[in-house]
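K.L.:
Next come a sequence and a model predicted from it.
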Amino acid sequence: MIHNPTIDLMLQRKSVRKYTDQKPSDEVIETIVRAGQQAPFASQLYSILLTRKKKAPFGAPLWFIICIDLYKLERFMQIRGWEVVTNDIVMLLFGLQDAAYAAENMVVAAESLGLGSCYLGIMSKRATQIIKQYKLPKRVFPLVELVMGYPAETFPPRPRYPMPFTLHEERYPILSDDEVRAAMQVMDDGYMAQGYYSRQKIKIPIESGRPDTFTHDNYSWTEHISRKWGQWFPSPNDMLEVLKSQGFDLQPKE
Ligand SMILES: Cc1cc2nc3c(=O)[nH]c(=O)nc-3n(C[C@H](O)[C@H](O)[C@H](O)COP(=O)(O)O)c2cc1C
């Protein structure tokens, strides 16, 4: 593996959930956002909201919200005498990418300046709150929250799937159960070695009658993720409703 300062910075990055009270300067913030802007884009379909007045989750001094933004595109197209006819599923997928690449550039830039960060996923209820609080116009949708500040905790980076489970050259492999299990083990052992869930006292409860045989001695990443996506938000309706109220039309057409 090749090492250089950029690669090492990226390999050392981790989500930080404890921050000092030190406030990043305006120059630091502008540098981070400017680096975010320089990410590749389909059409710059995003906006970045910032709050410094309230302490963010984990005591972070900076609280960004990265939004998918079709509003500004439509404003300039209007000036040019055009209307978007591309369907909203395509626009949403491109907007999601523009927003995500900018956000991740911000994360890496922040890391290079000695700041840490953590994303926070947004579901429908939180999306509705943000839309109200920031008075988001139609065609703007909050994709993800991103808190930042100077870290007040140190720990090693978290594990990732083994390379052969991620990189597939020329064709997608037929994965045996043993190969899947081996990848699960790498993740679970890595998280357990850090006491990731036991330290934070996190364990998603099982909502059905299914017995919970896990303690913090064996509860780890693959169980946590399975409980999350195996129980939460089965209906798309709430999210579709918020998207609709923000002017996104995701219904099939004749
Ligand atoms: C879209 C997205 C949503 C996330 N939501 C949360 C969240 O709600 N709470 C949280 O503590 N971490 C959240 N994270 C951070 C992940 O938990 C973290 O990136 C992952 O566990 C890997 O750890 P690492 O970033 O330290 O390598 C989120 C990350 C992403 C990309």
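P.N.:
Arrived safely.

K.L.:
The ligand contacts on the stretch 51-200 of the chain?
P.N.:
With CB under 6 Å from any ligand atom as the criterion, the stretch 51-200 of the chain meets the ligand at residues 118-121, 144, 158. All C-beta atoms are positioned from the backbone trio N, CA, C, and that covers glycine.

K.L.:
Most neighbours among these, which one is it?
P.N.:
Counting neighbours by other CB atoms under 10 Å, C118 comes out on top of those with 20 neighbours.

K.L.:
Could you give the bridge partners of it?
P.N.:
According to DSSP bridges, the partner residues bridging C118 are V147.

K.L.:
so how far is V144 from it?
P.N.:
Counting by CB to CB, to the nearest Å, the gap between C118 and V144 amounts to 11 Å.

K.L.:
Which of the residues in the longest helix along the chain are classified as buried?
P.N.:
Using DSSP state H to assign secondary structure, the helix with the most residues in the chain is helix 88-112. By neighbour count, and taking 16 or more other CB atoms under 10 Å as the criterion, the buried residues in helix 88-112 are 88, 91-92, 94-112.

K.L.:
Mind giving me the packing neighbours of that helix?
P.N.:
Contacts defined by 3 or more CB pairs under 8 Å, 6 or more residues apart in numbering; DSSP states H and E place helix 88-112 against helix 5-12, helix 26-37, strand 46-51, strand 62-69, strand 116-121, strand 140-149.

K.L.:
got a markdown table for these, with mean pLDDT and distance to Q246 too?
P.N.:
Below are the helices and strands packed on helix 88-112 laid out as a markdown table (pLDDT from 0 to 100; distance: least, CB to CB, whole Å):
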| stretch | mean pLDDT | distance to Q246 |
| --- | --- | --- |
| helix 5-12 | 98 | 33 |
| helix 26-37 | 98 | 22 |
| strand 46-51 | 98 | 13 |
| strand 62-69 | 98 | 9 |
| strand 116-121 | 98 | 17 |
| strand 140-149 | 98 | 5 |
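
K.L.:
okay, the residues of the stretch 51-200 of the chain next to the ligand in a markdown table with distance to E169 next?
P.N.:
Converted to a markdown table, these look like this (distance: CB to CB, whole Å):
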| residue | distance to E169 |
| --- | --- |
| C118 | 33 |
| Y119 | 30 |
| L120 | 35 |
| G121 | 31 |
| V144 | 31 |
| R158 | 26 |
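
K.L.:
Determine which two of those residues are furthest apart.
P.N.:
Maximum pairwise distance in those, criterion CB to CB, is 18.2 Å, between V144 and R158.
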